[in-house]
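Participant: Sequence and predicted structure are below.
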Amino acid sequence: MSIFDKENFSQDFSQQILPIYAFPQLFPEPTTLTNTLATNSIANLTIDQKRTLLFNVQQPFEVPMKEFDDEWWPLVTNIWIKFSYKNHVNGNSWKTFVCRFTKHFESSTRKQDIPSEKRRKTKVRTANLCFAKIKISRFVAEQKVLPMKEFDDEWWPLVTNIWIKFSYKNHVNGNSWKTFVCRFTKHFESSTRKQDIPSEKRRKTKVRTANLCFAKIKISRFVAEQKVCIERFQDSPNHTHNIEESDKLKRSQAVRVLVEKEAVKNYPIPAIVNTVKEFGTEKLNLGLSVKELKWREVANIKYKIHGSQNTYLVGASKLTTDIQDTILFLKKEGYQVELYETHHQSTRGFVFAQSKQLEKLQRYGWLTLIDSTHKTNKYDWRLFTLYIRDGYGCWDVGAHFFVSKEDSDTVAEALIITRRFCSSWKSRYFLADQSSIEAKSIVTAFPGLQKGEQKCTVIFCTVHVMRTWMSKIYDSKTRSEMIQAMHKRTKIGCEMLVQESINDCALLPIKRYISRYYLKNIHQWALWARQHSPLLLQVTLTNALESYHSELKKMTSSQHGLIGACNKIVALDLKRRSDSDYVAFEFRVKKISVTGVDDDILKEIHKFPLPIQKLIVNEILFVNDRIEKGKELPGLTSLECPLSFEIREIDEINKAAENRKLTVSELMERTRNEYWNIKENGNEKEKSEFMERLKTCLDPILKKK
């Protein structure tokens, strides 16, 4: 590229640059000083204009060396490949670049008789598709258009995806030149897939056609003056493709740097892609470069950054060593851990829980949620979590255990160990999905009345039940009747609806399915069996536990070892405990602030816990709203509400009558219980005998005048 005066190129950039790309024939003759682009013409170019200028170099132009390396060349490194170079004694240099589509050699063909699993998955590229070339000269001792730092920082990163270094030369005085060719040059054809190669051994590569483009440029660097000169290399042709093709082939350095900055923050890959596209388009004018950005490219960059940081999560190569390291880590974090084996099943597992978790499990484990999740470690050990809700309405972990295989004996042994950790834990209800493994293991670990303990009942998540019905009970009318039966408030009404749905269903498979799986265990899935407890009516789903597992799986990976999974579990447990402690602190301490309520009344409201404060304030605001609208107060004649209490003494006669009433109620309840037990067993003969005995006992009393 030659040096020129600004006066020789006085026309506006928009009048000279744009016609160059639209009509390349405007400059058919060799370049002279009079048609060299002036510095002021390229001073305020956008990123896309810089990339376009470096893509098809119609005439020489000069850029400061730093500006070229920083801002120009990274934009087209995917287009040009270095072809040749020369470094002069005075420090100046030049390089020629050819287009990546040049690809001088054709891709090799596929060899025969190679197993499919050993074949390399490569892409065959056509050679000699493009013959564009450019020449970049660097002038160290002379004043050039682009400062070297500006070129390196602002220009070159925009086109690093376009150009590839082809040749270079370094001079004694520090100057140098490099030639770059388009990335589509690709001198050699891609090798073909070998036959008979196992699929797991094939390299997943892309076959590219060689010699698609022969564009070349030459970049000369002049160290003393810190300038960079860019020019087309000799008589190399234009690109045979557009700049979008180069962006699809490879990302420019500018885009990669932007992705790396976001990947360090460890956001999810889709979030990084969206952020890079938005920021690159709106702030950096990199719309064309980031338009084709793929998730896989971002994932590879993120893995390269975080791979070295997450090596401790991979764990040992041997399972035994990984388990030992995991147990030591958990004990160091204050967890109580026990490793166990079930010899008849050849399975293993380990239970771990912290002392604070066990305290909550003992206090609030009356209702316990249980569920498992997978793909948290490379050994595919299943993670089970026991989840409880404390007195402040916060969900927290009670205990965890990993099992090598999900069977009832292995899970039951883990629950027994958990009971040994927390000897005072007396669970009354387990809320689970419709897993027979979990249900059977709970019955084994909590035998109930057989061992003189409180009975423990397994109840099902209503959402899981209805999801199962969506696929199994495909008759909409029958399914609607079953859902109605689920929400029935009485046992008799629920059983009647279930029986009606069976009788009314015309499909025999659905009849058999309901009779087999839902007729004899109504108390596990129907809500009438939970009417005695407001907590059971509030908590009918396992969504809280599934949300915990979902958050955990975002942090873990199937490539991590058990120690990596436990690292993330410990961190998430700490977060849950912190949230729970914060809510417990606010429950008594935090005071609500609201407008429209007198300060004196608000002071009295602050004496209540935070949830009660919210309820009272809502009622006050509702009443004030009615007053403002001129509506009457429902059932109130005054804003004051005087209360009086009367303590009545129960005489001996009334006390005896009350005792008789309680005795009769108890007898009737025991009679009903005995009747339903006999009916559930399905023994008609025993049922008839019971009815005869009951009739014999009650007839004399009922017929007595």
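Facilitator: Cool, the structure landed. Numbers count the residues shown, from 1 in each chain.

Participant: got a list of what residue 530 touches?
Facilitator: 459, 536-537, 540 (CB atoms under 8 Å, 6 or more residues apart in numbering). No exception for glycine: its C-beta is placed from N, CA and C like everyone else's.

Participant: Got phi/psi on it?
Facilitator: phi -120, psi 10 (degrees, to the nearest 10).

Participant: what do you get for residue 503?
Facilitator: Here is the backbone geometry of residue 503 (degrees, to the nearest 10): phi -70, psi -40.

Participant: Check residue 252 too.
Facilitator: Phi and psi for residue 252, reported as degrees, to the nearest 10, are phi -70, psi 160.

Participant: okay, it: pLDDT?
Facilitator: The per-residue pLDDT reported for residue 252 equals 82.

Participant: Mark out where each domain of the chain begins and ends.
Facilitator: 21-250, 258-306, 329-459, 462-529, 599-628, 653-702 (automatic domain parsing).

Participant: how about these in JSON lines, adding mean neighbour count and distance to residue 317?
Facilitator: Shown next, in JSON lines, are those (neighbours: other CB atoms under 10 Å; distance: least, CB to CB, whole Å):
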{"stretch": "domain 21-250", "mean neighbour count": "24", "distance to residue 317": "19"}
{"stretch": "domain 258-306", "mean neighbour count": "16", "distance to residue 317": "19"}
{"stretch": "domain 329-459", "mean neighbour count": "19", "distance to residue 317": "10"}
{"stretch": "domain 462-529", "mean neighbour count": "16", "distance to residue 317": "38"}
{"stretch": "domain 599-628", "mean neighbour count": "13", "distance to residue 317": "51"}
{"stretch": "domain 653-702", "mean neighbour count": "11", "distance to residue 317": "54"}
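
Participant: Turn those domains into JSON lines, columns for distance to residue 589.
Facilitator: Formatted as JSON lines, the domains of the chain follow (distance: least, CB to CB, whole Å):
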{"stretch": "domain 21-250", "distance to residue 589": "54"}
{"stretch": "domain 258-306", "distance to residue 589": "34"}
{"stretch": "domain 329-459", "distance to residue 589": "12"}
{"stretch": "domain 462-529", "distance to residue 589": "36"}
{"stretch": "domain 599-628", "distance to residue 589": "8"}
{"stretch": "domain 653-702", "distance to residue 589": "44"}
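
Participant: just so I know, which of the ones you listed lies nearest residue 315?
Facilitator: domain 329-459 (8.0 Å; CB to CB).

Participant: avg pLDDT for the closest one?
Facilitator: On average, domain 329-459 scores 93.

Participant: Straight-line length of it, end to end?
Facilitator: For domain 329-459, the first-to-last residue distance is 35 Å (CA to CA, to the nearest Å).

Participant: same deal with stretch 147-157?
Facilitator: Terminal-residue distance, stretch 147-157 (CA to CA): 15 Å.

Participant: Give me the below-cutoff pLDDT ranges for this structure.
Facilitator: Along the chain, the parts satisfying pLDDT under 70 run over 1-43, 89-91, 109-112, 117-122, 140-145, 192-196, 199-206, 307-310, 633-651, 704-705.

Participant: What's the biggest helix in it, counting residues?
Facilitator: helix 652-681 (DSSP state H).

Participant: counting contacts, what elements does it pack onto?
Facilitator: Judged by 3 or more CB pairs under 8 Å, 6 or more residues apart in numbering; DSSP states H and E, the packing partners of helix 652-681 are helix 684-702.

Participant: what about the strands in the stretch 451-600 of the chain?
Facilitator: Using DSSP state E, counting those that start in this stretch, the strands of the stretch 451-600 of the chain run over residues 457-460.

Participant: Please enumerate the helices of it.
Facilitator: For the stretch 451-600 of the chain, the helices defined by DSSP state H, counting those that start in this stretch cover 462-472, 476-486, 491-504, 508-517, 522-525, 534-538, 543-555, 562-589, 599-605.

Participant: same deal with the stretch 251-400 of the chain?
Facilitator: Using DSSP H, counting those that start in this stretch, helices in the stretch 251-400 of the chain cover 253-263, 269-282, 287-290, 295-306, 311-314, 319-332, 355-364.

Participant: what helix or strand is residue 443 on?
Facilitator: In this assignment (DSSP states H and E), residue 443 forms part of helix 436-445.

Participant: ok so, going back, can you tell me which of the helices of the stretch 451-600 of the chain is nearest to residue 415?
Facilitator: helix 543-555 (15.5 Å).

Participant: Who are the packing partners of that closest one?
Facilitator: strand 367-373, strand 382-389, strand 395-403, helix 562-589.

Participant: What strands line up against the second one, and which way round?
Facilitator: Paired strands of strand 382-389, with direction, are strand 367-373 (antiparallel), strand 395-403 (antiparallel) (DSSP bridges).

Participant: Could you export that strand as CSV, CA atoms only?
Facilitator: Extracted C-alpha coordinates of strand 382-389, given in CSV (Å, rounded to 0.1, in the frame of the first residue of the first chain):
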residue,chain,number,x,y,z
ARG,A,382,-30.2,-41.0,42.4
LEU,A,383,-30.6,-38.2,44.9
PHE,A,384,-33.5,-38.4,47.4
THR,A,385,-34.5,-35.3,49.5
LEU,A,386,-36.8,-35.1,52.5
TYR,A,387,-38.5,-31.7,52.6
ILE,A,388,-40.4,-30.1,55.4
ARG,A,389,-42.3,-26.8,56.0
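
Participant: Next, the angle helix 355-364 makes with that strand.
Facilitator: If you take axes from the mean of the first three to the mean of the last three CA atoms, to 10 degrees, strand 382-389 sits at 60 degrees to helix 355-364.

Participant: Which residue is the nearest non-sequential neighbour of residue 254?
Facilitator: Spatially, and ignoring its direct neighbours in sequence, residue 254 is nearest to residue 157 (4.1 Å; CB to CB, 6 or more residues apart in numbering).

Participant: who touches that neighbour in this structure?
Facilitator: Per CB under 8 Å, 6+ apart, neighbours of residue 157: 70-75, 77, 252-254, 257.

Participant: same thing but 10 Å
Facilitator: By CB atoms under 10 Å, 6 or more residues apart in numbering, the contact set of residue 157 is 47, 50, 69-77, 151, 252-258.

Participant: same question, residue 323
Facilitator: 315-316, 339, 348-350, 379, 381, 402, 404, 561-563.

Participant: Can you give me the distance of the residue positioned nearest the centre of the chain to residue 353?
Facilitator: For the chain, the residue nearest the mean C-alpha position is residue 554 (4.5 Å; CA atoms, centre = their mean). Between residue 554 and residue 353 the computed distance is 23 Å (CB to CB, to the nearest Å).

Participant: ends of stretch 214-227, how far apart?
Facilitator: Span of stretch 214-227 from end to end, CA to CA: 27 Å.

Participant: Nearest to residue 525 among the helices of the stretch 251-400 of the chain would be which one?
Facilitator: helix 355-364 (23.7 Å).

Participant: Identify the residues contacting the closest one?
Facilitator: Counting by CB under 10 Å, 6+ apart, residues outside helix 355-364 touching it are 334-336, 353-354, 365, 368, 386-391, 394, 396-400, 418-419, 421-427, 535, 573, 576-577, 580-581.

Participant: follow-up on the earlier one: so which of the helices of the stretch 451-600 of the chain is nearest residue 699?
Facilitator: Comparing these by CB to CB, helix 491-504 comes nearest, at 23.9 Å.

Participant: and the angle for the closest one with helix 508-517?
Facilitator: Between helix 491-504 and helix 508-517, the angle comes out at 150 degrees (the same axes, to 10 degrees).

Participant: Can you tell me which helices and strands the helix or strand containing residue 614 packs against?
Facilitator: Assigned by DSSP H and E, residue 614 belongs to helix 610-628. Under the contact criterion of 3 or more CB pairs under 10 Å, 6 or more residues apart in numbering; DSSP states H and E, helix 610-628 touches helix 562-589, helix 599-605.

Participant: That'll do, ta.
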